[in-house]
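Q: Could you look at this predicted model? Sequence included:
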Amino acid sequence: MSDKIRIQKHLSQAGILSRRKTEEYIQNGWIKVNGQLASIGMMIDPEQDHIELDQEIKKIQQQYCYLLFHKPRLIDTHSPQHGHQEIKDLLPKKYQRLNPIGRLDYESEGLILLSDDGRFSTYWLNSDHAHERAYLVWVHPPLNPTQQNKIEEGVTLFNENTQPIQVEVIQEGLYKLTLSEGKNRQIRRIIQKVGAHVTRLKRVSFGPFQLRELKPGDYREIPQHIIDAMLKPASPKKRVHKPKKSRYNKSL
């Protein structure tokens, strides 16, 4: 018998609904457990209890939108400073309801994901699952081998060591850095820590998504079938019962 878990946590971990949406839909009476209306915070046994989602939830999920966007330099991701523009100012009205997932700082550019689906946001911001991001980084002065090694091994930021970073030399002063965490201004701080500074920074990939031909300010929608495959709940692992080894040698 499995341990019980709050229904919000279970649906979030399973990639079905975010915790916030679970609470909202429970209040709407759109979620049942074993045929009875669910309540916020109720404990369930995922292996024994049957969770039923109302058709209204499925209709809403079919209307979600997912976007790849090339954020230009000198644009805020969100919550713009006085006189600044933010991402939504550059998008058509129908996309302005979408929320950026994570952020790129004002001076940085490149790939950022946007969506109105809380499950999708939770998936990418979940620190329990590492998602690789790759950046093109212009550095002055160029890094020497010792500095590159320090970056690859990890440096101390915010009183803890950063995860190892892959450094690929593209040309003198230009590098591709691949990492699996995204702390505030992490790359700029790391480069400064080893004695150089970033003159330009562009994110070119996030997980399986690539910037490719997108120009600053351009965007493209992510097809629904890709999202469905990505957020599909993992099937529970079946226990495999191995036969007990005999103490007799049957080959004799």
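A: On my side now, so go ahead. Numbering: from 1, shown residues only.

Q: and the most centrally placed residue in the chain, what are its phi and psi?
A: The central residue of the chain, meaning the one whose C-alpha is nearest the mean C-alpha position (CA atoms, centre = their mean), is residue 124 at 1.4 Å. Backbone torsions of residue 124, given as degrees, to the nearest 10, read phi -80, psi -20.

Q: Residue 59 in helix, strand or coil?
A: Put simply, residue 59 is helix when judged by DSSP: H, G, I helix; E, B strand; the rest coil.

Q: what does residue 100 give?
A: The three-state label for residue 100, taken from three-state DSSP, comes out as strand.

Q: Could you count how many residues lie near residue 100?
A: Using other CB atoms under 10 Å, residue 100 is surrounded by 20 other residues. Placement of C-beta: from N, CA and C, glycine included.

Q: now the one 5 residues further on
A: Around residue 105 there are 15 other residues, counting by other CB under 10 Å.

Q: what are the ranges of the helices in the stretch 151-252 of the chain?
A: Taking DSSP state H, counting those that start in this stretch as the criterion, the stretch 151-252 of the chain carries its helices at 186-193, 224-231.

Q: And the contacts of the first one?
A: When you say that, I think you mean helix 186-193. 105, 135, 137, 139, 143, 150-151, 155-157, 162, 165, 177, 179, 183, 197-198, 201 (CB atoms under 8 Å, 6 or more residues apart in numbering).

Q: hmm, 6 Å instead?
A: The set of residues that contact helix 186-193 without belonging to it, under CB atoms under 6 Å, 6 or more residues apart in numbering, is 135, 139, 151, 155, 157, 198.

Q: Which one of those residues sits in the busiest neighbourhood?
A: Taking other CB under 10 Å as the neighbour criterion, residue 151 ranks highest of the contacts of helix 186-193 with 24 neighbours.

Q: That one and residue 166 touch, don't they?
A: No. In this structure residue 151 lies outside contact range of residue 166 using CB atoms under 6 Å: 9.3 Å.

Q: CA atoms only for the helix or strand containing residue 114 - export them in CSV, please.
A: Per DSSP states H and E: residue 114 is located in strand 109-115. The C-alpha atoms that make up strand 109-115 are tabulated as CSV, following Å, rounded to 0.1, in the frame of the first residue of the first chain:
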residue,chain,number,x,y,z
GLU,A,109,18.7,37.9,-25.4
GLY,A,110,17.6,34.6,-26.8
LEU,A,111,15.2,31.8,-26.3
ILE,A,112,12.4,31.9,-23.7
LEU,A,113,9.3,29.8,-23.3
LEU,A,114,5.8,31.3,-22.7
SER,A,115,2.5,29.6,-21.8
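
Q: ok so, going back, looking at the helices of the stretch 151-252 of the chain, which is buried most?
A: Mean neighbour count (mean count of other CB atoms under 10 Å) peaks for helix 186-193 among the helices of the stretch 151-252 of the chain, with a mean of 18.

Q: pLDDT averaged over that one - what is it?
A: When pLDDT is averaged over helix 186-193, the result is 94.

Q: do you know how far residue 150 is from residue 176?
A: In this structure, residue 150 and residue 176 are 17 Å apart, going by CB to CB, to the nearest Å.

Q: Same check on residue 74?
A: From residue 74 across to residue 176, the span is 23 Å (CB to CB).

Q: neighbour-wise, which of those two wins?
A: Residue environment comparison for residue 74 versus residue 176 gives the larger neighbour count to residue 176, 15 against 11, counting by other CB under 10 Å.

Q: The more buried one pairs with what?
A: residue 136, residue 168 (DSSP bridges).
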